[in-house]
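Novice: got a predicted structure plus its sequence, pasted below:
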Amino acid sequence: MKTQSKISKLKDVHYESNDFKISQIEHKYGENVYILSNPLAESLLARFSNEGVIQPELNHLIQKLYFILLEAVLGNSFPKEVIEVRSRMAGLTDKAVFDQEVIKKEQPVVCVDLARAGTFPSHVCFENLNYFLNSSLIRQDHFYVNRKVDENEQVIGVDVSGSKIGGGQEGAIVILPDPMGATGGSMSFAVGHYKDQVKGKALKYISINLIVTPEYIKRMQKDHPDVEIYALRLDRGLSPEHVLKTVPGTLWDEEVGLTGKQYIVPGAGGVGEILNNSFV
């Protein structure tokens, strides 16, 4: 092929914007809630929830599931930009330079590790974000938070034993990966801490969960209605039969996804315990 002396940009409008739409279940929880409908994710999450699955398979499944979630979050909630791309064919043809809409590379992100169940999911998100964004603008913080229970094992609050927060949050998207969105107490506390105690104003906060309950969504919308919630599955397994026949959120006050001790049903068991092989 003949080498071209002058490169002209290829004009094709379909590169310049995308029409990404996430596939999600129908619900009535509000516009900031995204419960994905994805056969691959549902298959992997069904395997993840199985009582026979332990390490190291559990971590492998977490990696795949959180990459699927991250794809939805990046496509739907992150800013985009149009960049000029010069392909390897640029030396051979004048139609090898084009504009392409991509995820904005210079977007700051704070990835919050909500220890302990959120530690590995946060690492997965942090690692993968480095492939798409400017690495110098991505930070991982650590927040050590546990359920506080009374003598009847009822959740009465959260117990924060420490944190390692590496700076401010001005203009950043703060993502909080936590596999099990049960009561919303820990997540609400963490978001509140960032809003009140961390310098700067974040662009937005995003909760990224494998499974959420109606109770979790209600708590988060009451405390932080601005938080975007992404999940792969909604569990309301203890709801009355007539509620289970309705579109999620229709009879929200009657929906039940938690046991008396605030464990998710059908759920996936003690994910924090299995992730760490530490059953305390």
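Specialist: Arrived safely. Numbers count the residues shown, from 1 in each chain.
Novice: C-terminal to the lengthiest strand in the chain, what's the next element?
Specialist: In the chain, taking DSSP state E as the definition, the longest strand is strand 138-149. Downstream of strand 138-149, the next assigned helix or strand under DSSP states H and E is strand 155-164.
Novice: which outside residues touch that following strand?
Specialist: Among residues not part of strand 155-164, those counted as contacts by Cβ atoms under 8 Å, 6 or more residues apart in numbering are 141-150, 183, 185-186, 189, 193, 261-262. From N, CA and C alone the C-beta is placed, and that goes for glycine too.
Novice: which residues touch the closest residue in space to residue 69 that isn't next to it in sequence?
Specialist: Distances taken as Cβ to Cβ, 6 or more residues apart in numbering put residue 208 closest to residue 69, at 5.2 Å, once the chain neighbours are dropped. Going by Cβ under 8 Å, 6+ apart, residue 208 touches 66, 69-70, 73, 121, 125, 175-178, 230-231.
Novice: which one of those residues sits closest to residue 214?
Specialist: residue 231 (11.5 Å; Cβ to Cβ).
Novice: and for the closest one, the neighbour number?
Specialist: Residues lying near residue 231 (other Cβ atoms under 10 Å) number 26.
Novice: now swap in residue 113 and tell me
Specialist: When neighbours are defined as other Cβ under 10 Å, residue 113 has 24 of them.
Novice: tell me the secondary structure for the closest residue to it other than its chain neighbours?
Specialist: Spatially, and ignoring its direct neighbours in sequence, residue 113 is nearest to residue 122 (3.9 Å; Cβ to Cβ, 6+ apart). Three-state secondary structure (criterion: DSSP: H, G, I helix; E, B strand; the rest coil) places residue 122 in helix.
Novice: correct me, but residue 122 touches residue 110?
Specialist: No - Residue 122 is beyond contact range of residue 110, at 10.5 Å (criterion: Cβ atoms under 8 Å).
Novice: of the contacts of strand 155-164, just the buried ones, PyMOL syntax please.
Specialist: The buried subset of those, as determined by 16 or more other Cβ atoms under 10 Å, is captured in PyMOL by this line:
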select buried, resi 141+142+143+145+147+183+185+186+189+193+262
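Novice: hang on, residue 72 is in a helix, isn't it?
Specialist: Yes - according to three-state DSSP, the state of residue 72 is that of a helix.
Novice: show me the contacts for it.
Specialist: 22, 34, 36, 230.
Novice: show the pLDDT at it.
Specialist: pLDDT recorded at residue 72 is 97.
Novice: residue 11 and residue 99, how far apart?
Specialist: Distance, residue 11 to residue 99, by Cβ to Cβ, to the nearest Å: 8 Å.
Novice: neighbour-wise, which of those two wins?
Specialist: Using other Cβ under 10 Å as the criterion, residue 11 and residue 99 rank with residue 99 on top: 17 against 10.
Novice: so what's the more buried one bridging to?
Specialist: residue 84 (DSSP bridges).
Novice: wait, it sits on residue 82?
Specialist: Yes - between residue 99 and residue 82 there is a contact at 5.1 Å, judged by Cβ under 8 Å.
Novice: shared neighbours, the two?
Specialist: Counting by Cβ under 8 Å, 6+ apart, the residues touching both residue 99 and residue 82 are residue 16.
Novice: tell me the SS of residue 208?
Specialist: Under three-state DSSP, residue 208 comes out as strand.
Novice: tell me the pLDDT at it?
Specialist: On pLDDT, residue 208 comes in at 98.
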